[in-house]
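Undergrad: Next come a sequence and a model predicted from it.
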Amino acid sequence: MQPVLEAIRTRRYYFDGGMGSMLQAAGIPEGLLPDLWSIRNPEAVQGVHRQYLRAGCRLITTNTFGSTAPKLKPYGVKPAQVMSAAVENVRAAMKAEGVTDGYVCADIGPTGRLLKPYGDLDFEDAVALFAEPIAAAQGAGADCILIETMSDLYEMKAAVVAAKENSDLPIFASLIFDGSGKLLTGGSPRGAVALLEGLGVDVFGVNCGQGPKEMTPVFQALWEDSSTPLLLQPNAGLPRSEGGKAVYDVDPADYASQMILLAPMATVLGGCCGTTPAHLKALIDATKDIPLPVVTEKDTLLISSYCQAVAIDGRDPVIIGERINPTGKKKLQAALRAGDTGYVLGEALKQEEAGAHILDVNVGLPDLDEPAVLTKMMEAVQEVTGLPLQLDTSDPAAMERALRRYNGKPLINSVNGKKESLEAILPLVKKYGGGLVCLTLDDDGIPAAAEGRLRIARTIAEAAESMGIRRRELLVDGLTMPVSAGPDNANVTLETIRLAKRELGVKTALGVSNVSFGLPKRDNLNQSFFTQALQNGLDGAIINPMSAPMMGAYRSFRALRGLDEKCQAYMDAFRDEPQSAPAPVIKTEETLRRAVVKGLRENAASLARTMAGEGTDILEIINGELVPALDEVGRDFEKGKLFLPQLLMSAEAAKDAFDILKDYLPAGDTQGSPQILLATVKGDIHDIGKNIVKVLLESYRFRVLDLGKDVAPETIADTVAEHQIPLVGLSALMTTTAPYMEETIRLLRQRDLPCKVVVGGAVITGDYAARIGADRYAPDAMETVRYAQETLGGEGSGDDS
Ligand code: B1M
């Protein structure tokens, strides 16, 4: 039989549709992991496969969506067992239906956990979790791997790496976007194309989450950027909840008619939640004669982080911030030696604010463990900025380690024309993906003339292409030599840029400021050379974005070249500047509020310590810095300007600051029976506010029993009864969890527990509190203390002073 990747280019092939709902209809017990039926009830699973085969589907997905070790552990089975049985079920169904042109697609779903630093799952552990079912799929004779319903690009990367390392099967990969066109962790369609094409995934696209109509903008965006065949597997419309169950409203005929509009862009179609064999049958009837799309090779180089993508299109140049490179920088050298991430992160954020699009990260110092330090600094920088990074090292071991764990598709700086460099770096680019900076030097050094440098660039480009690395991924660096060392040095570099673009059709990169080495007033030369390089076709400028002359040259170039529509970016950058010469360096004031907003944990803690140490009132610090910072982050989150990972980093920074501040509050009294119970209600994991309330109550010497977060009404009522607690404080921060506050109060009243209840949290108002029967609404922590004093009398009864 033809390999699956060849087959899908010859005619339309269809994935199947929903599996869970079909198994429910077949009687699977509620709450049982559907994958278990691959072993325990193979006939039922085969029955579903057979229905889809009869509908005309030929890409049949194994019933293994949840088959990673932790999810299977409670049932005492291993991923390999389930995968082997599941592959066998598909084969048996095909045989029973007499189908000879079907393919077994080994289904790999998400782990259900967030990866570090936002969650608790380490990247390597995620790779290992995916490796098990993938290796089993290969062993059992699956035809391809389908990694699906991924809402985070980092987890997707872990799964793809696992697939590449544990099988040689074709890889299909599919993501779930939300209504705003983003992934849960903020990734965009363009970021997805960058990552998945970089990793060499064979077919990718979108599934789940929404119906065909709602998916259209995301799918269109993928189509515009991608040079890879796309797959599309929407739900039968947007799910809505009815009696706690998801219900889908789009019937087979509507589903098919909505898909007709997207079929010209999709090589492979199929269904997801809520779709049935009837949906697939209607889809196949409606689209089987629509010609397959012709997928064109795009020329743009895409670079990405977990949430942002930068396009290097050969026309509009980008800025690569050069400040995180210890060469000639004593402070950075000291910071790297001391493992001081705070300083490095400060440099990262300053460059971002100054307008960099990509940040170079280089930690090359002779006495440092470069593989460890580069990875550590890269991860730290990725925690606080969404800008894509350029990994800059001449040590292949350091490059590999960082590249593997990088969240996105980076720039790789660099390879050169030497055999050992090509042999060490090109396989890494092939495996992990990345835009590649190609230095025009080889064993004979740096050629004096542009033609010599072009020759090396050609050697690199051909070697890369022979390994399947596209030419558009390459940025040729013509190497800047000081003009003080030779009058023709700048001309040769400029000529190399021109030739590389014209003769090889590649992009170009350049570290600009070396041109002025050894001469006074370096800014003059740098600025002028930079403008000339841009004119000659420089695409990636490695410069100091905090240098006003350099950014002035860049912004002027874009405006003059017609790259800056209505000169908007130029005006935005300079509107508020005095019309005289601009200050040479852009400075940012470091405040606790900013540190929390930016998620700078170390800075937040040390600024909190400084402020408290200087005698600033602790409540003033909380209400004047921490709360407004989190409010700002919350607003930006709501507007879709930032995403869950940044929200988490800000929350962590606020918690670190608060951990310092609470030591400055008077110590509490923890002896005796509790007087106040505190809890964040069921379903809600926000506990920063509640923790502040707790510490403040304790500093007023009330004895607090903290039940933590996500606490069920019954647990609260039982605890109040057991300890005869007179005052209960409940916190809720979401509209969806506030009803549990009401339920808790109702239960306390029903059980006649003689306690008062104070409530608070971002979504609670005085009116709401009154309506649900709370005794008091506390807009902040201090109001809680006042109410405790009113109801329990004076300070806490533990007060013996
Ligand atoms: Co989320 N979150 N969050 N979040 N988060 C909000 C609440 C949100 C308003 C952001 C937004 O969209 N603008 C939004 C809720 C929207 C809504 O329902 N209307 C939201 C969302 C949607 C979510 C997720 C669903 C995101 C997702 O996964 N897609 C998810 C939910 C998870 C869950 O709970 N099931 C989520 C997750 C998170 C993080 C984990 C990242 C993190 C929480 C970390 C933690 O708490 N350990 C987080 C954060 C930090 C926020 C924001 C930005 C800040 C909350 C905060 O800590 N504020 C928040 C936006 C905002 O509130 N501006 C947001 C500072 C804190 C000191 O204030 O808690 O109000 P607060 O407490 C004050 C007073 O209200 C009062 O005193 C405190 C001190 O003055 N008070 C009480 C509070 N409780 C009291 C109890 C009392 C008395 C007074 O009686 C005892």
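TA: Yes, it's here.

Undergrad: And the residue most central in space within the chain, how close does it get to residue 155?
TA: With distances taken as C-alpha atoms, centre = their mean, residue 306 lies nearest the centre of the chain, 3.2 Å away. Distance from residue 306 to residue 155, counting by C-beta to C-beta, to the nearest Å: 10 Å. C-beta here means a position set from N, CA and C on the backbone, and glycine is covered the same way.

Undergrad: Could I get the phi/psi values of the closest residue to residue 181 other than its chain neighbours?
TA: Excluding the flanking residues, the one nearest residue 181 by C-beta to C-beta, 6 or more residues apart in numbering is residue 218, at 5.1 Å. Torsion angles at residue 218 (phi, psi; degrees, to the nearest 10) stand at phi -70, psi -40.

Undergrad: Number of residues surrounding residue 218?
TA: Residue 218: 26 surrounding residues under other C-beta atoms under 10 Å.

Undergrad: who touches it in this structure?
TA: Applying C-beta atoms under 8 Å, 6 or more residues apart in numbering to residue 218 gives the contacts 177, 181, 189, 206.

Undergrad: Restrict those residues to the buried ones and give me that as a PyMOL selection.
TA: Buried residues among these (16 or more other C-beta atoms under 10 Å), as a PyMOL selection:
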select buried, resi 177+189+206
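
Undergrad: could you redo the contacts of residue 218 as TSV and give each row pLDDT and distance to the ligand?
TA: Putting the contacts of residue 218 into TSV (pLDDT from 0 to 100; distance: C-beta to the nearest ligand atom, whole Å) gives the following:
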residue	pLDDT	distance to the ligand
177	97	13
181	95	15
189	98	19
206	98	19
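
Undergrad: before we move on, what SS does the residue of the stretch 151-300 of the chain found nearest the ligand have?
TA: Per C-beta to the nearest ligand atom, residue 184 is where the stretch 151-300 of the chain lies closest to the ligand, at 6.6 Å. In three-state terms, and counting by DSSP: H, G, I helix; E, B strand; the rest coil, residue 184 is coil.

Undergrad: Show the contacting residues for it.
TA: Residues near residue 184 by C-beta under 8 Å, 6+ apart: 151-152, 178, 643-644.

Undergrad: just to revisit the earlier point, just the ones of the contacts of residue 218 in helices?
TA: Restricting the contacts of residue 218 to those inside helices, with DSSP state H as the criterion, leaves residue 189.

Undergrad: could you dump the contacts of residue 218 to TSV with distance to residue 247?
TA: TSV is the format used below for those (distance: C-beta to C-beta, whole Å):
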residue	distance to residue 247
177	21
181	24
189	28
206	21
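
Undergrad: Which two among the contacts of residue 218 are spaced furthest apart?
TA: Across the contacts of residue 218, the longest distance by C-beta to C-beta is 10.4 Å; it joins 181 and 206.

Undergrad: show me where pLDDT drops low in the stretch 451-600 of the chain?
TA: For the stretch 451-600 of the chain, applying pLDDT under 70 flags the ranges 578-589.

Undergrad: before we move on, what about the chain?
TA: Scanning the chain for pLDDT under 70 picks out the ranges 244, 578-589, 668-670, 794-801.

Undergrad: on that earlier part again, from the contacts of residue 184, which are also near the ligand?
TA: residue 644 (C-beta under 6 Å from any ligand atom).

Undergrad: What distance do you get for the residue nearest to residue 181 to residue 193?
TA: Separation of residue 218 from residue 193 (C-beta to C-beta): 11 Å.
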